[in-house]
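S.K.: Coordinates for the following, if possible.
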Amino acid sequence: MATMVQLGEMDLNPVSRHPLAMAHSKVEVMAFGLRMGITLVNTLVTNNKWMASAQLIMSWCLFYIVW
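M.R.: Next up is the predicted model:
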């Protein structure tokens, strides 16, 4: 999880051919929103199954954006 957060803060991923890996503010805003969503789910959701599902989906989206 920490690795994906660190990768989300990179300006450019040189091994990626994904267009969202370019260094522009849209990717940074999307990554920040996903990290904020993961934190909010961890804080506000009390059911472990819902929390794990939401965090897994948002982590996958963060990984997809970064990769």
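S.K.: When you work out contacts or count neighbours from here on, use the C-alpha atoms and nothing else.
M.R.: OK.
S.K.: Run a quick neighbour tally on residue 29.
M.R.: Using other Cα atoms under 10 Å, residue 29 has 12 other residues around it.
S.K.: Please report the distance of it from residue 36.
M.R.: Distance, residue 29 to residue 36, using Cα to Cα, to the nearest Å: 10 Å.
S.K.: try residue 42
M.R.: In terms of Cα to Cα, residue 42 sits 10 Å off from residue 36.
S.K.: next one: residue 44
M.R.: 12 Å.
S.K.: Neighbour count for the two, which is higher?
M.R.: More crowded of residue 44 and residue 36, by other Cα under 10 Å: residue 36, with 13 against 9.
S.K.: pLDDT wise, what is that one at?
M.R.: Predicted confidence (pLDDT) for residue 36: 84.
S.K.: Which helix or strand contains it?
M.R.: Secondary structure assignment for residue 36, by DSSP states H and E: helix 25-44.
S.K.: helices and strands around that helix, which ones?
M.R.: Using 3 or more Cα pairs under 8 Å, 6 or more residues apart in numbering; DSSP states H and E, the elements in contact with helix 25-44 are helix 2-8, helix 48-66.
S.K.: would you turn the ones you listed into CSV with mean pLDDT and mean neighbour count?
M.R.: Shown next, in CSV, are these (pLDDT from 0 to 100; neighbours: other Cα atoms under 10 Å):
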stretch, mean pLDDT, mean neighbour count
helix 2-8, 61, 15
helix 48-66, 90, 16
